[in-house]
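1. Give me coordinates for this.
(4 chains)
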2 protein chains.
Amino acid sequence: MNNSKSVSIETIRRLPKYYDVIDMAVKQGVKNISTSVIAEHLNLEPILVRKDLEQTGAKGRPRVGFVAAELMDRIAGSLGWGSLNNIVLVGCGSLGSALLGYKGFSRAGFDIVAGFDVDKGKIGRTIHGKKILPVSKFKDLCLRMHIEVGIISTPAEHAQSVADLMAESGIKGVWNFTSAALKTSKDVIVHQEDMAASLVILIKKMNSMKKEGKGQE
Amino acid sequence: MNNSKSVSIETIRRLPKYYDVIDMAVKQGVKNISTSVIAEHLNLEPILVRKDLEQTGAKGRPRVGFVAAELMDRIAGSLGWGSLNNIVLVGCGSLGSALLGYKGFSRAGFDIVAGFDVDKGKIGRTIHGKKILPVSKFKDLCLRMHIEVGIISTPAEHAQSVADLMAESGIKGVWNFTSAALKTSKDVIVHQEDMAASLVILIKKMNSMKKEGKGQE
DNA sequence: TAGATTGTTAATCGATTAACAATC
DNA sequence: TAGATTGTTAATCGATTAACAATC
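-> From the prediction side, this is the model:
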């Protein structure tokens, strides 16, 4: 219940990977797991994994490792996966639709309560079990449900007006999938998603591995 | 043509944001832009922006700032946006379809040459202008076109077998959108996409802002 | 000229890695 | 017991921030 021990952002990026590795091991009957085994799976240094796990408050036993089930709980707790977060999404095109159906959110306790769109052909329909509502109902629903996180997956040219609407609807965190550079007041956090940047990073890692000559030929 | 000056990963994450801000300014008639203006738009420290731009090799003028058009070229160059990269995608469900149509890739020089699926209902169709091919043709196409980057957007339970197929098809970089923890040989880089982790980071930033009392009340 | 903004060098900070004692 | 693995303390590394001289 007390998440006071703050976990660093890089650690947050790695913890879910540990979770997946442990989960896989547990499904194969493993009861205890050591940092070196987790590190091996992910090509990381064992000491880095140990440091990350330390941040979750998990305790292991020398010679034995960590109790896998307990460790998963600790990771989930540190990531805030316990508490339920309601979020909303505006723009139910192909990307928005995919996000409405994204499986990974539920594990982490995120629930997209509804999708919003201006297209009358979509309004009233259901996508991946999520109701599509008209944007005109956005503010009311957000205020009523005290929703603080919103996803923008509209065409880029509408992103700013959606961001403005979100701000006046009490949203404090905006996850922007468009390439528009949003102007918002300082008390609203904008998280800019850039898939192309992710790809650039992947390619950079590939290139640096080639240079290091780690590859086979 | 010479990308030898290596740009750090955190800088790669920020450069596209600078690009978008500059692009927006240019469209409003701006010719020169200073680091403080860019920083202001993104709530960053000017010195951080200056350091990042330094890595691109761009030169500015005291009192004047940077020539906007030139700066955009430098950023694009540093991100490797000049060169064309062909990539492939396996799993044309809702997320895969969205990625096939993702606008942001083309700016960065990425082109998904085809989508692959096992569903006969999808094979032969075209999604967002991309042809859907049977997985049986995957290896042949990748080898023929010397493709090195592949996206996995299948159900999680098929991710490992797709990863194996990619490895034997010459793919060196895998972008995994499923939650499966992939086992690959060490000369294949796996970039694990975790949208839920991104959301956790956003929420963490929101909370830390609340604590700092930067918000309005 | 005066002053804003760059470019550069140094200081700080935090994350990663290393070393090693504790312990099961 | 012997040895593997944790927990902890210290060293290193790189990224961010600060300070300030150079310059347009």
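
2. Name the SS class of A:Lys131, please.
-> strand (DSSP: H, G, I helix; E, B strand; the rest coil).

3. and the gap between it and A:Arg144?
-> According to Cβ to Cβ, to the nearest Å, A:Lys131 stands 15 Å off from A:Arg144. Heads up, the C-betas are built off the backbone N, CA and C, glycines and all.

4. Who has more neighbours out of these two?
-> A:Lys131 (14 against 9; other Cβ atoms under 10 Å in any protein chain shown).

5. how much space is there between the more buried one and A:Ile189?
-> Per Cβ to Cβ, A:Lys131 is found 26 Å from A:Ile189.

6. where does the residue in chain A positioned nearest to DNA strand C land on pLDDT?
-> For chain A, the residue closest to DNA strand C is A:Pro62, as judged by Cβ to the nearest atom of the strand, at 3.1 Å. Looking at A:Pro62, its pLDDT reads 96.

7. before we move on, what about the one 5 residues further on?
-> Per-residue confidence at A:Val67 stands at 98 (pLDDT).

8. How about exporting the lowest-mean-pLDDT helix or strand in chain A as PDB, limited to the C-alpha atoms?
-> Across the helices and strands of chain A, mean confidence by mean pLDDT, DSSP states H and E is lowest for helix A:195-212: a mean of 88. Output of helix A:195-212 as PDB, limited to C-alpha atoms (Å, rounded to 0.1, in the frame of the first residue of the first chain):
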ATOM      1  CA  MET A 195       7.400   4.400 -32.400                       C
ATOM      2  CA  ALA A 196       9.900   5.500 -35.000                       C
ATOM      3  CA  ALA A 197      12.200   6.600 -32.200                       C
ATOM      4  CA  SER A 198      11.900   3.100 -30.800                       C
ATOM      5  CA  LEU A 199      12.900   1.600 -34.100                       C
ATOM      6  CA  VAL A 200      15.900   4.000 -34.400                       C
ATOM      7  CA  ILE A 201      17.100   2.800 -31.000                       C
ATOM      8  CA  LEU A 202      16.700  -0.900 -32.000                       C
ATOM      9  CA  ILE A 203      18.700  -0.200 -35.200                       C
ATOM     10  CA  LYS A 204      21.300   1.700 -33.200                       C
ATOM     11  CA  LYS A 205      21.700  -1.300 -30.900                       C
ATOM     12  CA  MET A 206      22.000  -3.600 -33.900                       C
ATOM     13  CA  ASN A 207      24.800  -1.500 -35.400                       C
ATOM     14  CA  SER A 208      26.700  -1.200 -32.200                       C
ATOM     15  CA  MET A 209      26.700  -4.900 -31.800                       C
ATOM     16  CA  LYS A 210      28.000  -5.400 -35.300                       C
ATOM     17  CA  LYS A 211      30.900  -3.000 -34.500                       C
ATOM     18  CA  GLU A 212      31.700  -4.900 -31.300                       C
END
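
9. What about the closest residue to A:His146 other than its chain neighbours? Give its phi and psi, please.
-> Distances taken as Cβ to Cβ, 6 or more residues apart in numbering or on different chains place A:Gly170 nearest to A:His146, at 7.2 Å, with adjacent residues excluded. The phi/psi pair for A:Gly170 (degrees, to the nearest 10) reads phi 90, psi 10.

10. A:Gly170 and A:Arg144 touch, don't they?
-> No - counting by Cβ atoms under 8 Å, A:Arg144 is not a contact partner of A:Gly170; they are 9.9 Å apart.
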